[in-house]
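Enquirer: Pasting the sequence and the predicted coordinates here, then a few questions.
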Amino acid sequence: MTLCGALFYLLGGITVLATVLAVTRRNLVHAVVYLTISFFATAALFYLLGAPFLAALEVIIYAGAIMVLFLFIVMMLQLEGVRKAPAALLRQWLPGVLLGAVTLAVTVAVLLSVPGGRPGLATAMAAPRQFGRVLFEQYWLPVEIASFLLLVALVGALYLGRGEGPRP
Amino acid sequence: MIVPYSHVLILAGLLFVLGAVCAAARRNLIMILIGVEIMLNAAGLALVGASLRWHELSGQAFVIFIMAVAAAEVSVGLALIVHCQRRTASVDANSYDLMKG
């Protein structure tokens, strides 16, 4: 196993472990912090898989903006999340975990049986300049649509979050 | 030479299933939203791996759009949660049963 392969498995293990911890936490603040660790490890995986620009964006957008937004809302709503143990734990978790395990088993079986995934990936690096050229030459219309989507999301969030007080 | 592409896909599938279980099994609205975030992130990981596998930058371009959609989704979703919490003083998904017969 090469160094890059060992790094991949290490980072993948960190990602999965942090995500499992985040999913099972009862305290929302702890869950968000574990998820931040998971996103940092994913950013390192992106870098390993040859996408340095996306690794930077992952840290800035996911681990930065989105997780801070989650933390802000959790603290604003003052949900400590440490309520009493739920009575319907088994009824709630059993179907989800069962379906997830079956889906995962089928996925892994299919992926391991496909011969196309057998050869190892060669290391490569997409320079940000090259990536930006592809993005704005081939995908300029989706970029505009994404910016419009963000504008709509901004207006929607402002509308939903407005206070009940008197209109100015 | 890093790893076979199928291992990248298996890692992405594992993360996706974790997010799906989180969205299905948790009753807190914020945890459901976090589950959706994990699923979108896993899809991005699979796309980056595919981009390296076929030396095609389109996969990485799609990850940009996934991030834009995730940011839009989380801002509107959290605004909706704040709105609902103001109305009902609860973020438990089981408490929204107004239309239950």
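Expert: Arrived safely, thanks for sending. Since the structure is predicted, the reported quantities are computational estimates derived from the model, not experimental observations.
Enquirer: drop to CA atoms for contacts and neighbour counts, all remaining ones
Expert: OK.
Enquirer: anything in the longest helix along chain B near chain A?
Expert: Ranked by residue count under DSSP state H, the longest helix found in chain B is helix B:58-88. Yes. Using Cα under 8 Å from any Cα of the partner chain, helix B:58-88 comes into contact with chain A via B:58, B:60-61, B:63-65, B:67-69, B:71-76, B:78-80, B:82-83, B:85.
Enquirer: B:V69: how many residues sit nearby?
Expert: Neighbour count for B:V69, taken as other Cα atoms under 10 Å in any protein chain shown: 18.
Enquirer: again with A:M75
Expert: Residues within reach of A:M75, counting by other Cα under 10 Å, total 13.
Enquirer: Skip the chain neighbours and tell me the closest residue to A:F39.
Expert: Once flanking residues are discounted, A:F39 sits nearest to A:A63: 5.8 Å by Cα to Cα, 6 or more residues apart in numbering or on different chains.
Enquirer: That neighbour reaches A:T42, doesn't it?
Expert: No. A:A63 is beyond contact range of A:T42, at 9.9 Å (criterion: Cα atoms under 8 Å).
Enquirer: Of those two, which one has the most company?
Expert: Higher neighbour count among A:A63 and A:T42: A:T42, with 25 against 21, using other Cα under 10 Å.
Enquirer: Report the secondary structure element holding the more buried one.
Expert: Here A:T42 is covered by helix A:28-48, with elements defined by DSSP states H and E.
Enquirer: Extract the C-alpha set from the helix or strand following that helix and format it as PDB.
Expert: Sequence order places helix A:52-57 as the next helix or strand after helix A:28-48, per DSSP H and E. Taking Å, rounded to 0.1, in the frame of the first residue of the first chain, the C-alpha atoms of helix A:52-57 are listed here in PDB:
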ATOM      1  CA  PRO A  52      -7.400  21.400  -4.000                       C
ATOM      2  CA  PHE A  53      -9.800  24.200  -4.900                       C
ATOM      3  CA  LEU A  54     -12.800  22.100  -3.800                       C
ATOM      4  CA  ALA A  55     -10.900  21.200  -0.600                       C
ATOM      5  CA  ALA A  56     -10.600  24.900   0.200                       C
ATOM      6  CA  LEU A  57     -14.300  25.500  -0.700                       C
END
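Enquirer: next one: phi and psi at B:D97?
Expert: Main-chain dihedrals, B:D97, degrees, to the nearest 10: phi -130, psi 40.
Enquirer: any weak-confidence spans in chain B?
Expert: Counting by pLDDT under 70, chain B has low-confidence residues at B:1.
Enquirer: for A:R26, helix, strand, or coil?
Expert: Following DSSP: H, G, I helix; E, B strand; the rest coil, the label given to A:R26 is coil.
Enquirer: And the pLDDT for it?
Expert: With respect to pLDDT, A:R26 scores 83.
Enquirer: From B:R27, how far off is it?
Expert: As for A:R26, its distance to B:R27 is 11 Å (criterion: Cα to Cα, to the nearest Å).
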